[in-house]
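# need a structure here:
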Amino acid sequence: MKTLKLLRCVLVGAAVLFACSAAARADWPGLITKWSQGPAGPGGWGFASWMAPSPMDAITADDFLCTMTGPIQEITFSGWGLPSSCRVTFWMDVPRTPDDESHPGELIYDRIIGPADPLDPMKIGWQQISDFDYRINLATSDWFYQNGSPSNPVTYWMAIQGVGLSGFYWQAQDPSLPTWGDDAAFASDQFGYPPWSNWGWPTSADPEHYDGPFPVGWYNSADMVFALNGTPEPATLCLLGAGAVGMLLRRRRR
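Residues are numbered from 1 along each chain as shown. Now for the predicted structure:
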């Protein structure tokens, strides 16, 4: 009888571990927000971010901090335009120096995401969810796995570009809100901005471009509006399951 009860406990624990593993493989087992910036400012300023066959190339990227290893599965952002597809890229960080702000470095992820099928219950792809808001649900094979922790945070950069015949503008966060990291970075050969130039907000109402550290009179950083959602890494979930097994076994010994 004791052996049977112990076996039952082990099987229950195994079921917990299996459930953790299955949840980790599911497309959206319960997303958490890993990073969020926004909302947009009253003026609704947006920065050009598109790729050919648009009239000119342009790319805008912004930095964020990762403190939780695991996949990014969903991206929400604000802007305007109607691209045929969206290009999503993630980059490693080049830290700030006395002569320049931080900016994207090594390209580590590059995907073209097509529109979501309206009949797909998971809505894999990009979709416009309101006048100025978009969502990208990434297929499992397109998840971006970040590798940061509270004790070892990692800075990444993300760029979102519209792909199509018309331009796309990624909206900037309200400049009165607190910002994180350095300004959003911009590059465009055809506009005449080499990689990477940094955006910022001057004391006047109109945004303008500058490159390098903050000049006198600039009071805030220009960050973009976006949120990154995902789940903790599977190992973390399964550690919780292992803890449940231990609790069951300890309870059995009482």
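# for the residue nearest to Met51 when sequence neighbours are not counted, give me phi and psi.
In this structure, Met51 finds its nearest non-sequential neighbour in Gln161, 4.8 Å apart by CB to CB, 6 or more residues apart in numbering. (Each C-beta comes from the backbone N, C-alpha and C, glycine too.) Backbone geometry at Gln161, expressed as degrees, to the nearest 10, gives phi -120, psi 140.
# do the same with Ser141
Torsion angles, degrees, to the nearest 10, at Ser141: phi -70, psi -10.
# and the pLDDT for the residue nearest to Met51?
pLDDT for Gln161: 95.
# thought it was touching Ser49?
Yes - assessed by CB atoms under 8 Å, Gln161 is found in contact with Ser49 at 4.9 Å.
# can you get me a residue count around the residue nearest to Met51?
Residue crowding around Gln161 was assessed by other CB atoms under 10 Å; the count is 23.
# ok, now Ala227?
Other residues within reach of Ala227, judged by other CB under 10 Å, total 17.
# name the element it belongs to?
strand 226-230 (DSSP states H and E).
# and that strand, which strands flank it?
strand 32-37 (antiparallel), strand 70-80 (antiparallel) (DSSP bridges).
# quick one: closest of those to Leu165.
Leu165 sits nearest to strand 70-80 of all those, at 15.1 Å, using CB to CB.
# angle of the very next helix or strand once past that closest one against strand 226-230?
Tracing the chain C-terminally past strand 70-80 and defining elements by DSSP H and E, one meets strand 85-94 next. Using axes from the mean of the first three to the mean of the last three CA atoms, to 10 degrees, one finds that strand 85-94 and strand 226-230 are set 90 degrees apart in direction.
# contacts for whatever helix or strand Trp170 lives in?
Trp170 is located in strand 169-171, with elements delineated by DSSP H and E. Strand 169-171 is contacted from outside by 40, 44-49, 60, 77-81, 132, 160, 224-225, using CB atoms under 8 Å, 6 or more residues apart in numbering.
# now do 10 Å
38-41, 43-50, 58-62, 77-81, 132-134, 159-162, 184, 224-226 (CB atoms under 10 Å, 6 or more residues apart in numbering).
# so of those, which ones are in strands?
If you go by DSSP state E, the contacts of strand 169-171 have 46-48, 50, 59-62, 77-80, 133-134, 159-162, 226 in strands.
# quick one, helices of the protein?
Listed in chain order, the helices of the chain (DSSP state H) span 2-25, 234-253.
# pLDDT on the longest one, on average?
When the per-residue pLDDT values of helix 2-25 are averaged, the result is 34.
# please apply the same query to stretch 138-148.
95.
# run a quick check on Gly114 versus Asn137, I expect a contact.
No - if you go by CB atoms under 10 Å, Gly114 and Asn137 don't touch, sitting 11.5 Å apart.
# any common contacting residues for these two?
Both Gly114 and Asn137 are contacted by 124-126, under the criterion CB under 10 Å, 6+ apart.
# mind giving me the ChimeraX command for buried ones among the residues you listed?
If you want just the buried ones from those in ChimeraX, going by 16 or more other CB atoms under 10 Å, the selection is:
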select :124,125,126
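# closest to Pro194 out of the shared contacts of Gly114 and Asn137?
The nearest member of the shared contacts of Gly114 and Asn137 to Pro194, counting by CB to CB, is Trp126 at 28.6 Å.
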